[in-house]
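Novice: got a sequence here, can you model it:
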Amino acid sequence: MMKWLRENNYAAMLLTIIRLYVGWEWMLAGWHKITGEKAFDATGYLKGAIAKPVLESGTTDMVYANYVAFLKNFALPHIGWFNVMVPWGELLVGLGLLIGALTTAAIFFGLMMNFMYMFAGTVSANPWLILLGFFIIAAGANAGKFGVDHMILPYLHKWFDKILERCHLKPKLR
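Specialist: Next comes the predicted model:
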């Protein structure tokens, strides 16, 4: 299954459809936050996630206490950063997936955001996007085969190989 997902042209076509859907969802979410009538502000969302954390069923024990501490002690005091990173991150993830550029990196950061939203207690479309995202990330470069990745990945591989050679980190072939 993994070989098919990572190497097959039909899989690449199916992954392109999935990638376009997920990319569209991310791009739209970021675009609405950037171009909305009011400037995007995550303060209320973060305060709500801190005030009403995800609790263990039938108890008052927090499931993600460390995440709530992160929101309270880092995200909220640095809300200005998050008000820029969230909408632009969503937009860039979406654009990367739509054009198939750095697809694996884009879906990785998309999955990270999906999980962060779920840790904060927002279900919404996140489980669906996570499920589709796992197929994209598992496929690796094949998910971007019908996109810009097909053109840029060979250049990036050469560039990284040169860096590794200069740093004497690349194993020499015999």
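
Novice: for the biggest helix by length in the chain, give the mean pLDDT please.
Specialist: For the chain, the helix that runs over the most residues, judged by DSSP state H, is helix 9-35. Helix 9-35 carries an average pLDDT of 96.

Novice: so which other helices or strands are in contact with that helix?
Specialist: helix 2-7, helix 79-99, helix 103-119, helix 126-139 (3 or more C-beta pairs under 8 Å, 6 or more residues apart in numbering; DSSP states H and E). Heads up, the C-betas are built off the backbone N, CA and C, glycines and all.

Novice: now those in TSV, with mean neighbour count?
Specialist: Converted to TSV, those look like this (neighbours: other C-beta atoms under 10 Å):
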stretch	mean neighbour count
helix 2-7	13
helix 79-99	19
helix 103-119	20
helix 126-139	18
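
Novice: between those helices, which gets nearest to Val63?
Specialist: helix 103-119 (8.4 Å; C-beta to C-beta).

Novice: from the chain's centroid, how far away is the closest one?
Specialist: The chain centroid and the centroid of helix 103-119 are separated by 3 Å under C-alpha atoms, centre = their mean, to the nearest Å.

Novice: with stretch 142-161 instead?
Specialist: That offset, for stretch 142-161, works out to 19 Å (C-alpha atoms, centre = their mean).

Novice: flag every buried residue along that stretch.
Specialist: Residues Asn142, Ala143, Gly144, Lys145, Phe146, Gly147, Asp149, Leu153 are the ones in stretch 142-161 that count as buried (16 or more other C-beta atoms under 10 Å).

Novice: go on, stretch 62-80?
Specialist: Neighbour-count burial for stretch 62-80 flags Tyr64, Tyr67, Val68, Leu71, Ala75, Leu76 (criterion: 16+ other C-beta under 10 Å).

Novice: for Gly89, see how far away the residue nearest the centre of the chain is.
Specialist: The centroid of the chain falls nearest to Gly110 when counting by C-alpha atoms, centre = their mean (1.4 Å). Going from Gly110 to Gly89 by C-beta to C-beta, to the nearest Å gives 9 Å.
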